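> below are the sequence and a predicted model; questions follow.
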Amino acid sequence: MSRVGNKLIVLKDGVSVEVKDGNLVTVKGPKGEITKQLSPKMTITVEGNVVKVARPSDSIENKTLHGTTRANLSNMVEGVTNEFSKTLIIEGVGYKAAVEGKNLVVYAGYSHTVPLAIPAGLTVKCNSATEVVISGIEKEVVGQFAAEVRAVRKPEPYLGKGIRYKDEVIRRKEGKKAK
């Protein structure tokens, strides 16, 4: 049984949480501000620098919403304190990426380039032609955009070419053997 929902969220200096009717939560911090509608079934209380999430009953639905609501709120607090980031590595001859205006342009072995519009609130940097760093205060948006970039050319197991996360391990397969 998970006890994630019962853990308290401790706010650091400079971070404030405001809860309005229907659990419309606004978290402000040094990196920015996030407003999100969380489950109205949960009770969110802010006491000093501690935020607590409580559930109305022990039904299965309320237990799952309890942990999810607390995790989403914790991610919001973490995001305005320290930005989330994902690093992508591009491997393959001629494979590269570049930021052009408000687009990330990916060259991934196709006959055309693949332009991806960078969502609002995200920062995309190309440290080199083969390394892309995506960062922002909303964990969901960072992860979604990183997944969209990776989907342009998923890593393949024989040569390892494609776009992968920095910490991702690609299981390599052995090719055909000559008889």
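Nice, thanks for sending it over.

> hey, where'd the strands end up in the chain?
Remark: strands assigned in the chain by DSSP state E are 9-10, 16-20, 24-29, 32-37, 43-47, 50-54, 84-91, 96-100, 103-107, 114-117, 122-128, 131-136, 162-165.

> show me the shaky parts of the chain.
1-2, 178-179 (pLDDT under 70).

> how many residues are close by the nearest residue to K86 once chain neighbours are set aside?
Computed as CB to CB, 6 or more residues apart in numbering, the closest residue to K86 that is not its neighbour in sequence is A146, at 4.1 Å. Every residue, glycine included, has its C-beta placed from N, CA and C. When neighbours are defined as other CB atoms under 10 Å, A146 has 22 of them.

> residues contacting the lengthiest helix in the chain, please?
Criterion DSSP state H: the longest helix present in the chain is helix 60-81. Contacts to helix 60-81, defined as CB atoms under 8 Å, 6 or more residues apart in numbering, come from residues 2, 4-5, 7, 9, 11-12, 15, 17, 23, 25, 27-34, 36, 38-39, 41-42, 44, 51, 53-56, 84, 136-140.

> report the buried residues of that helix.
By 16 or more other CB atoms under 10 Å, the buried positions in helix 60-81 come out as 62, 65-81.

> follow-up on the earlier one: against S135, how distant is the residue nearest to K86?
Noted for A146: a distance of 10 Å to S135, by CB to CB, to the nearest Å.
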